[in-house]
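Asker: Below are the sequence and a predicted model; questions follow.
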Amino acid sequence: MESEDLYAFLSDPELVELIEQAKITDDMLDVITLSENQHSDMLAWCLTPSEGHGQGDAVIKDFLVAAYQKSTHAIYDNKKFFSTWTPGRIRVSSFGSAFITREFSVKIPERDVDGKRGGRLDLFMVDPQNKLLIAIENKVGAKLTKVQLEDYQKAVASEIACRPLFKDYAFAYIVLDRELDWYSEEQLGELGKRWTLLDYSWLEASARRARLQVARNNQAAQLLVAYCQKQTDWESQSE
């Protein structure tokens, strides 16, 4: 290559444009790594219908439909829950009254000593209109254990489900683990069938919907797009 050709290449306006496009995005989630608590905070924001992401209860519907699809072999509470809450019913129902609590405290048994110790469920969804309670354990960078899941389920059953106020509520237990595909079939089998196991791929539907809203100039949806896209392999067509 002659020097003139190199200089012409380096001076090409299209090269400058490509360099600019290749620079890191202005999405803050591309330059920081979220901790487990921060992931749970973001998920709580996404799943709250009244938040400013502009999705209403659509993210909850995405979440419940994905959980239904993974609950083929569910037992006990989840089997009963998803026999009633099918995708058809989920899509036509309103979850506008649902709210999310973070770090919900429960008492779980000490295995080495008498008594109980405090435990915290990452997310707890309550919908008083549809009479739903969903315990959500969010795992990021830590392995699930059957003992932990059993303890949380028993704590919710003994401290909440037994209360007269919730006697007509439907209960479900769902695990979110971004790295679920790293588990072997044997490891997944050891976790039992009481909890429904989900990775983060269900967020793709929310990302696509939010991207359409951004295209319609709803900038409040941009944070939802950034988070959902960051947790999945989905990329927008323009990218």
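Answerer: In hand now; what should we look at?
Asker: Which secondary structure element of the chain has the lowest mean pLDDT?
Answerer: In the chain, no helix or strand scores lower on mean pLDDT, DSSP states H and E than helix 13-22, which sits at a mean of 76.
Asker: Packing partners of the helix or strand following that helix?
Answerer: Using DSSP states H and E, the next helix or strand after helix 13-22 towards the C-terminus is helix 36-47. For helix 36-47, the packing partners by 3 or more CB pairs under 8 Å, 6 or more residues apart in numbering; DSSP states H and E come out as helix 58-69, strand 99-109, strand 116-127, strand 132-139, helix 222-231. Where you see a C-beta, it was placed from the backbone N, CA and C, and this is true even at glycine.
Asker: relative to helix 36-47, how tilted is the last one?
Answerer: Following axes from the mean of the first three to the mean of the last three CA atoms, to 10 degrees, one obtains 130 degrees for the angle between helix 222-231 and helix 36-47.
Asker: Surely Ala161 and Phe171 touch.
Answerer: Yes: if you go by CB atoms under 8 Å, Ala161 and Phe171 touch, sitting 5.8 Å apart.
Asker: who has more neighbours, those two?
Answerer: Comparing Ala161 with Phe171 by other CB atoms under 10 Å, the one with more neighbours is Phe171, at 19 against 14.
Asker: is the more buried one in a bridge, and if so with what?
Answerer: Beta bridges link Phe171 to Leu133 when assigned by DSSP bridges.
Asker: Enumerate every residue touching it.
Answerer: Residues in contact with Phe171 (CB atoms under 8 Å, 6 or more residues apart in numbering) are Asp77, Phe81, Leu133, Ile134, Ala135, Val156, Ala157, Ala161.
Asker: Output those as CSV; include the columns distance to Ser201 and pLDDT.
Answerer: Shown next, in CSV, are these (distance: CB to CB, whole Å; pLDDT from 0 to 100):
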residue, distance to Ser201, pLDDT
Asp77, 24, 95
Phe81, 21, 97
Leu133, 24, 95
Ile134, 19, 96
Ala135, 21, 95
Val156, 26, 91
Ala157, 29, 89
Ala161, 30, 88
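Asker: Report the buried members of the residues you listed.
Answerer: Neighbour-count burial (16 or more other CB atoms under 10 Å) applied to the contacts of Phe171 gives Asp77, Phe81, Leu133, Ile134, Ala135, Val156.
Asker: my read: the fifth one touches Ala155, true?
Answerer: So the one you mean is Ala135. No: the pair Ala135 / Ala155 is not scored as a contact, 9.1 Å apart, by CB under 8 Å.
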